[in-house]
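# build the 3D model from these lines:
(2 chains)
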Amino acid sequence: MSGAEKIAVKVTDIVPLNELVTRFKFERVDGGLLPTFSGGAHTVVELRDGAITRLNPYSLMSDPMDQRAYTISVRRDDAGRGGSLFMHNNVRLGDELTISYPVNLFSLDLRAKKHLFIAGGIGITPFLAQIKQLELFNGNWELHYSCRSPDLGSYVDELTGRHPNEAHIYYDDQKQAIDLVRLLDGQPLGTHVYVCGPKGMIDWVRATAAAEGWPREAIHYEEFLAPKPGKPFEVKLAVSNKVIHVGEDESLLEAMEREGVDAPYLCRGGACGQCETDVIDYAGKFIHRDHWLDEAEHSSGKKIMPCVSRFEGKTLVLDR
Amino acid sequence: MTIQFNDETFRDDYSFRNSDRAIRRFPFPFHEDSYMYSVNMEQHRGGPKDSIYEKRFDVDEHYLSEMRDRAQVLADDPLRCQSLPHMTLAGWDLLELIMVSKSEDYPDLFELHRDGDTWRWINKPMGIDDTFTFLDEATLPYGPMEYITRQAQGDFAVLDQRDDNLWMDAGMITTQADWSLDFDIGMNFFEWHAPVPLAHEKGIFVRALKFLLNIQQGAPARRLNWTMTVNPLLDTSPENYHKWGIQKTTLTPENIGAKQHLRVELQTFFRLPRSNALVFPIRCYLCSFQDLMTAPKWGRRLHRVIRDLPDELATYKGFIDNKPLMLEYLSKFDDGLPTSPGIWPEFETEPPLAK
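Numbers count the residues shown, from 1 in each chain, chains lettered A, B, ... in the order given. Below you'll find the predicted structure:
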C-alpha cells in the first residue's frame, strides 16, 4: 500500500476567513482521538470528485497536543487544477472524508536557541502549529509574516493579539517588506530560520541567508508544489507491463494510480522522495519540477519524480 | 496468558535459561540457508499468535531479570543512558508509546489511567504504581526516557531526524552487541555505521536511511539482526570488553552447546509523533546452541549459514576464532536434507535429524 496510514473523519466546521482562504475542521468519524503530531506536519486529504480521487496535502494548523480535532486552511487557487476549488465549492459540513496520518517534512530543529519564522500568504499555516508547540515549552521564536493586504491577512489578528512582541506583519499593498539582511544580522547564534510561502520567497530567503554566511542546516523551508498541467504524454511501465496515457490535467503519479498501478508516495509535492522512479529508456525531454533530485540527477535522464514532473517526447519507459 | 517470570542472571553464575515456550518462539534470524546483508525491513503490525512479533513491545519470561541486570549496569556506569537536551520531548513520546502499547497489549500486567495531564501508571510485575504529570519532568524520579526504559526490555536508541539524516542523540543502551552509546552519542547514521564491513559498498546504508527517514506515524517497521555471544551475557559492551572478551576463549567441544549463544536482535522502528524523532528499540534474545538444535530445521540451517559466511562478517561479529569449533559442533546436526523456507522452526512438519 502507498502513502501514510488513513483516518476516516467528518467535517465539523467550515469558516471562510476572507475572500481566498477557508478553514476546515475534521474530527474522527468514530468519535475517537486523533494522533498527536509535531508542528509543521501535513495531512493528505482524499477527495472523491466524480470518477477521480484527488489527494491534496495541507499543513495542520491546530494545536499539536489537541487530539479532538485537526484544522487546515485552504487557499482557493482559481488557476490550479481544481483541488482547492473543490474544497471550497463542494465540501460541506458533515461530509465524511479520508485523511492521512500526519507526516512531517518541515520539522522544528529542537536544538535551536531561537526559531525565526518567515511566512508568505497561506504559508502561515505550518507556523501556527509550530508556535503552539513552542509556546507549551516557553520556546524562543519570532514570526515575520508577509501578506498582500489587511483583508487577506489570515490569522493576523489572532497572532498580533496573543503575541504582540513576537509577531511582525508586513502588507504588500502598504509597500511594507521584510528587511531580511538586517533581520538575519540581528539574530543570536544558534538561531534556525524557517520559511514557508511562494517559491520566490523561499529562493530569496535561502539565497540571502547563504550570502550572509548562514549554515545550510540552519535554513528550513517547505514549499508544496501542486502538480502543474502540461501536454499529454504516453508512458510505458515496464514492471506492470502497461502503456498509460497521462492527460493534460493529471500528474504522472495520478495516471499510474488511475490505471491501478501501486506507486509509492507521501507528500505528492516533489519534496519527500518517496515516489522516485527509475527511467529505463526515453527519447524526449523531462520537465523536472521536484525539490528532491539534484541537478545532476535531473540532467542524467535516469530518474523522475512522478508526483510533479512531466515529460515531452516520443518514448518514456519507467521501472514501475 | 499469565507469564511466569524467571529468576535468573546474565552474569557471574549465568543462571539464564529458556523454557520450551521461549525456545519455540525464539526469533531465529535466517529465512534461508545462507546470509548476506540486505535491507530486510517489513511492517511491524503483529504476527503469529504468541510469536515475538505479536505485540508492539514483547514481554517474556526474562522481563524481571533483564530489568534487574539493567539497573545493575546503570549503577556501575550511568553513561549507558544519555539524552541530549533537545531530546526530552522525544523521551515523553517514547514513554507514551510504551505505556499505551503495554497497557493495551498486556492489560493483566500494565495499566495506564489518564485524566488530562495527570497519568497513573501501574506496572504489576515490577510493583510500580506512580502518578505523574505528563510533560513535567519534575514529577518523575528520572527523565521520561530513562523512567520508562528501566521498565522495558531491550535497548532504545532515540534518533533525531534533521538534514535528511538520523542522529544518535539519546538512548538507553545496556544490552548491546559491542557498541557504545557514550562513543556514538551525537553521531549521524553513516558515522555510527562506519565500522560495518561490506554493507557500505553494497549501498545498504544509503537505502536503509532513505527507508527509515520515511517511516511514518502509525506504520512502524521491523527487522532481525544477529551475532554470537559466549555465555548468556546481555551487557557485551566495549566498556566491559575486558570482562567478557576473554570468555570467548573458554569454549571447548564439550561445553560449546551450552555456552555458545546465538544472539538475535528484534529491531523495530517507530516514528514519535510530538518530536518527529524516530525510536529504534533493539530487543536482544539469547538461545544456546544446544537449545537451538532441538529444532531440526534450525540445526541444519545454522550449520550451512555459518559454514558459508564471509570471513569479514565472522570477524566483524567477533567469532572468527571460534568458527572451526562451531562448525565441528553444528555439522553433527546437518544431515543434508532440504529445509523449508522462512524462520519458524516447523517442529510438526520438519523431518527429524537423519544422522
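# quick one: contacts for A:Leu237?
Counting by CB atoms under 8 Å, 6 or more residues apart in numbering or on different chains, A:Leu237 makes contact with A:243-244, A:256, A:259, A:261, A:317-318, A:320. For the C-beta atoms, the positions are set from N, CA and C on the backbone; glycine is no exception.
# how does it look with 7 Å?
A:244, A:261, A:318, A:320 (CB atoms under 7 Å, 6 or more residues apart in numbering or on different chains).
# what comes into contact with stretch A:78-90?
By CB under 7 Å, 6+ apart, stretch A:78-90 touches A:22, A:47, A:49, A:54, A:56, A:74-77, A:226-227, A:229, A:249.
# do that again at 8 Å, thanks
The contact list for stretch A:78-90 (CB under 8 Å, 6+ apart) reads A:22, A:24, A:45, A:47, A:49, A:54, A:56, A:74-77, A:226-229, A:249-250.
# export the helix or strand where B:Gln161 lies as PDB, just CAs?
Using DSSP states H and E, B:Gln161 sits in strand B:155-162. C-alpha atoms of strand B:155-162 as PDB (Å, rounded to 0.1, in the frame of the first residue of the first chain):
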ATOM      1  CA  ASP B 155      17.900  -1.200  24.300                       C
ATOM      2  CA  PHE B 156      16.400   2.000  22.900                       C
ATOM      3  CA  ALA B 157      18.200   4.400  20.600                       C
ATOM      4  CA  VAL B 158      16.200   7.600  20.100                       C
ATOM      5  CA  LEU B 159      17.200   9.300  16.900                       C
ATOM      6  CA  ASP B 160      16.600  12.900  16.000                       C
ATOM      7  CA  GLN B 161      15.700  13.500  12.400                       C
ATOM      8  CA  ARG B 162      17.100  16.500  10.600                       C
END
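# sheet partners, orientation included, of it?
strand B:165-172 (antiparallel), strand B:278-288 (antiparallel) (DSSP bridges).
# in a markdown table, list those along with mean pLDDT and mean neighbour count.
Formatted as a markdown table, the strands paired with strand B:155-162 follow (pLDDT from 0 to 100; neighbours: other CB atoms under 10 Å in any protein chain shown):
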| stretch | mean pLDDT | mean neighbour count |
| --- | --- | --- |
| strand B:165-172 | 98 | 24 |
| strand B:278-288 | 98 | 22 |
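# just the contacts of stretch A:78-90: which are in strands?
Judged by DSSP state E, the contacts of stretch A:78-90 include A:22, A:24, A:45, A:47, A:49, A:54, A:56, A:74-75 as members of strands.
# tell me where the model's unsure across the stretch 201-320 of chain A.
A:224 (pLDDT under 70).
# 80 instead?
Confidence mapping of the stretch 201-320 of chain A against pLDDT under 80 gives the ranges A:223-227, A:266-267, A:271-272, A:291.
# would you map the helices across it?
A:252-258, A:295-300 (DSSP state H, counting those that start in this stretch).
# is any residue of the shortest one near chain B?
No - where contact is defined by CB under 8 Å from any CB of the partner chain, no part of helix A:295-300 touches chain B; the two come within 13.6 Å at best.
# could I get the buried residue list for that helix?
Across helix A:295-300, burial judged by 16 or more other CB atoms under 10 Å in any protein chain shown covers A:297-298.
# how far away is A:Leu116 from B:Asn214?
Distance of A:Leu116 to B:Asn214, given as CB to CB, to the nearest Å: 28 Å.
# please give me every residue in contact with B:Pro195.
B:Pro195 neighbours (CB under 8 Å, 6+ apart): B:Tyr316.
# can you tell me the SS state at it?
coil (DSSP: H, G, I helix; E, B strand; the rest coil).
# roughly how far apart are it and B:Tyr316?
7 Å.
# residue in the stretch 51-200 of chain B with the shortest distance to chain A?
Using CB to the nearest CB, the closest approach of the stretch 51-200 of chain B to chain A is made by B:His86 at 3.9 Å.
# please report phi then psi for the closest residue to that residue other than its chain neighbours.
In space, and not counting its chain neighbours, B:His86 is closest to A:Leu110: 3.9 Å by CB to CB, 6 or more residues apart in numbering or on different chains. Main-chain dihedrals, A:Leu110, degrees, to the nearest 10: phi -70, psi 0.
# distance of A:Leu110 from A:Gln67?
21 Å.
# how about the residues of chain A near chain B?
Where chain A comes near chain B, counting by CB under 8 Å from any CB, the residues are A:4-5, A:35-38, A:40-41, A:64-65, A:101-104, A:107-111, A:133, A:136-137, A:217, A:266, A:272-274.
# select only the buried ones of those residues in ChimeraX?
Buried residues within the residues of chain A next to chain B, by 16+ other CB under 10 Å, are selected in ChimeraX with:
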select /A:4,35,36,37,38,40,41,64,101,102,103,104,107,108,109,110,111,133,266,272,273,274
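# of the residues of chain A next to chain B, which belong to helices?
Of the residues of chain A next to chain B, the ones assigned to helices by DSSP state H are A:133, A:136.
# which ones among the residues of chain A next to chain B map onto strands?
A:41, A:103-104.
# from the residues you listed, which is closest to A:Ser154?
A:Ala41 (19.0 Å; CB to CB).
# ok, A:Val91 to B:Ala354 distance?
Using CB to CB, A:Val91 is found at 68 Å from B:Ala354.
# quick one: which of these two has more around it?
Counting neighbours by other CB atoms under 10 Å in any protein chain shown for A:Val91 and for B:Ala354 shows that A:Val91 has the greater number, 16 against 8.
# how about the nearest residue to that one, chain neighbours excluded?
Nearest non-adjacent residue to A:Val91, counting by CB to CB, 6+ apart: A:Val11, 6.1 Å away.
# now name the helix or strand holding that neighbour.
Going by DSSP H and E, A:Val11 is in strand A:6-16.
# where do the strands of chain B begin and end?
B:42-43, B:81-83, B:110-115, B:118-123, B:128-133, B:155-162, B:165-172, B:221-230, B:260-271, B:278-288.
# B:Gln247: what's it in contact with?
B:230-231, B:233.
# between those, which is nearest B:Ala258?
Nearest member of the contacts of B:Gln247 to B:Ala258, counting by CB to CB, is B:Asn231, at 9.4 Å.
# and the pLDDT at that closest one?
Looking at B:Asn231, its pLDDT is 97.
# for it, what are its contacts?
B:14, B:244, B:247, B:259, B:261.
# kindly write the PyMOL command that selects the buried subset of those residues.
A single PyMOL command is used to select the members of the contacts of B:Asn231 judged buried by 16+ other CB under 10 Å:
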select buried, chain B and resi 14+244+259+261
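# state the pLDDT value of the nearest residue to B:Tyr37 once chain neighbours are set aside.
Closest residue in space to B:Tyr37, ignoring its immediate chain neighbours: B:Ala199 at 4.7 Å, by CB to CB, 6+ apart. Listed pLDDT for B:Ala199 reads 75.
# B:Ala199 is in contact with B:Phe190, isn't it?
No - between B:Ala199 and B:Phe190 there is no contact under CB atoms under 8 Å: 11.1 Å.
# between those two, point out the one with more neighbours.
More neighbours surround B:Ala199 than the other of B:Ala199 and B:Phe190, with 17 against 13 (other CB under 10 Å).
# what's the first-to-last distance across stretch A:133-148?
27 Å (CA to CA, to the nearest Å).
# for that stretch, buried residues please.
A:133-134, A:139, A:141-147.
# what's the spacing between it and its chain's center?
With CA atoms, centre = their mean, to the nearest Å as the basis, stretch A:133-148 stands 19 Å off its chain's centre.
# where does chain B come near chain A, residue by residue?
So far as CB under 8 Å from any CB goes, chain B lies against chain A at B:84-87, B:89, B:135, B:160-163, B:210, B:214, B:216-219, B:273-276.
# okay, helices next: where are they in chain B?
B:20-24, B:63-76, B:88-105, B:144-149, B:181-184, B:189-192, B:204-213, B:241-244, B:256-259, B:289-292, B:296-308, B:311-316, B:323-330.
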